[in-house]
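**Q** Fold the following, please.
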Amino acid sequence: WNLVYNSMSIMVNCTTPYHMDINGQEPWLDMLITVGDYWPLEFVVPTLELRLKYNLGTIIAMSGSALEHGVRYSDGDHACLAYYMQQNVHQSVGLLLCDAPHILDLQS
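**A** Next up is the predicted model:
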């Protein structure tokens with residue numbers, strides 16, 4: 001099926017150290033989906049002091065460019081499907097980037 005995302009990564013059985021994504025833009029939301037057979041993981045957003053249960057089938061939408069995030073290792077077989085946008089892909093095909101949303105955009 002069609003997606004709005006232009007990139008995808010699959011991370012399998014690994015730890016993801018705290019990081020911020022460098023190829024996106026702050027208003028863009030990334031989508032993370034967990035699959036597999038594993039003990040519960042924690043998705044951590046240290047800037048906001050959040051520790052979220054990252055159970056099988058969890059979907060997280062967030063701006064990976066705006067918020068530092070990471071996942072610690074867990075026993076078992078698990079994978080994360082990460083869907084995201086990359087600015088350089090837009091530029092290489094000549095697509096204009098959209099402006100950041102503003103609250104006034106919601107007014108009719």
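**Q** so where's the chain uncertain?
**A** 1-4, 100-101, 108 (pLDDT under 70).
**Q** Any idea how far apart the tips of stretch 24-42 sit?
**A** 23 Å (C-alpha to C-alpha, to the nearest Å).
**Q** can you check stretch 21-31 too?
**A** 13 Å.
**Q** same check, this time on stretch 67-86
**A** 16 Å.
**Q** buried residues in it?
**A** Buried residues in stretch 67-86, defined by neighbour count with 16 or more other C-beta atoms under 10 Å: 67, 69, 71, 74, 78, 80, 82-86. C-beta here means a position set from N, CA and C on the backbone, and glycine is covered the same way.
**Q** can you put these in JSON lines and add secondary structure and distance to residue 52?
**A** Formatted as JSON lines, the buried residues of stretch 67-86 follow (DSSP: H, G, I helix; E, B strand; the rest coil; distance: C-beta to C-beta, whole Å):
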{"residue": "67", "secondary structure": "coil", "distance to residue 52": "12"}
{"residue": "69", "secondary structure": "strand", "distance to residue 52": "10"}
{"residue": "71", "secondary structure": "strand", "distance to residue 52": "10"}
{"residue": "74", "secondary structure": "coil", "distance to residue 52": "14"}
{"residue": "78", "secondary structure": "strand", "distance to residue 52": "15"}
{"residue": "80", "secondary structure": "strand", "distance to residue 52": "13"}
{"residue": "82", "secondary structure": "strand", "distance to residue 52": "16"}
{"residue": "83", "secondary structure": "strand", "distance to residue 52": "18"}
{"residue": "84", "secondary structure": "strand", "distance to residue 52": "18"}
{"residue": "85", "secondary structure": "coil", "distance to residue 52": "22"}
{"residue": "86", "secondary structure": "coil", "distance to residue 52": "25"}
